[in-house]
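*Asks:* Output the structure for:
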Amino acid sequence: MKLIVLDRDGVINVDSDDYVRSAEQWQPLPGSLAAIARLNRAGWQVAVATNQSGLARGYFTEDDLAAMHEKLQRLLAEEGGRVDLILYCPHGPEAGCNCRKPLPGLFRAIATQYGRPDLAGVPVVGDSLRDLEAGVALGCTPYLVRTGKGERTLAKPLPAGTQVFADLAAVADHLLEETR
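*Replies:* Residues are numbered from 1 along each chain as shown. Here you go, the predicted model:
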């Protein structure tokens with residue numbers, strides 16, 4: 001089974017420094033949904049690991065977040081795709097949890113869900129350093145996209161072996177070419 005782990009905001013959908021707070025505000029990035037659908041058709045399982053501290057901050061509710069994810073799945077279905085697993089950290093930065101990226105709790109949960117001891121070689125796609133660090137802690141191969149906060153992240157030291165692409169569609173092109 002081929003597995004890929006994606007961050008959400010800035011990779012799949014438009015990010016906002018003021019938080020994406022509703023399904024109405026949740027807008028896919030150009031080409032991201034088609035990229036996921038192409039990966040699905042090629043046999044990839046797609047998991048999403050996302051920090052959603054807006055919950056802890058009171059910016060939106062669990063119902064709002066569920067509506068965002070329902071919109072994601074509905075729009076993906078229209079493209080012939082799906083996300084197989086969505087895990088999120090609802091905590092704020094001060095909560096001391098182990099699921100908030102850059103800590104690897106969400107990635108451990110993904111490994112457990114798929115019956116794996118780790119995520120060695122699994123691509124992790126993110127637009128921030130914390131996305132990549134969380135995946136690398138369990139052996140993921142890091143891919144940085146320039147969308148979302150990606151351009152800002154390029155100014156920081158990246159994990160060894162990080163490959164940089166314009167967007168999720170370019171990552172999908174690369175992975176699909178690589179696995180032909």
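*Asks:* For stretch 64-77, which outside residues touch it?
*Replies:* 12-13, 20-23, 26, 28, 33, 36-37, 52, 55, 82-83, 86, 88 (C-beta atoms under 8 Å, 6 or more residues apart in numbering). All C-beta spots, glycine's among them, are computed from the backbone N, C-alpha and C.
*Asks:* swap the cut-off to 6 Å and go again
*Replies:* For stretch 64-77, contacts defined as C-beta atoms under 6 Å, 6 or more residues apart in numbering pick out 22-23, 26, 33, 82, 86.
*Asks:* what does stretch 88-104 give?
*Replies:* Outside stretch 88-104, the residues touching it (C-beta under 6 Å, 6+ apart) are 50-53, 55-56, 105-106, 130-131, 133-134, 137-138.
*Asks:* likewise stretch 1-13?
*Replies:* 15, 20, 26-28, 32, 43-50, 122-127, 131, 135, 145, 147-149, 168.
*Asks:* go on, stretch 156-172?
*Replies:* 11, 31-32, 35, 38-39, 125, 129, 132, 136, 142-147.
*Asks:* Determine how far the last residue of that stretch lies from the first.
*Replies:* 24 Å (C-alpha to C-alpha, to the nearest Å).
*Asks:* if you average pLDDT over that stretch, what comes out?
*Replies:* Average pLDDT, stretch 156-172: 98.
*Asks:* and what of stretch 34-52?
*Replies:* For stretch 34-52, mean pLDDT rounds to 98.
*Asks:* now that stretch, how far from the centre of its chain.
*Replies:* Relative to its chain's centre, stretch 34-52 lies at 9 Å (C-alpha atoms, centre = their mean, to the nearest Å).
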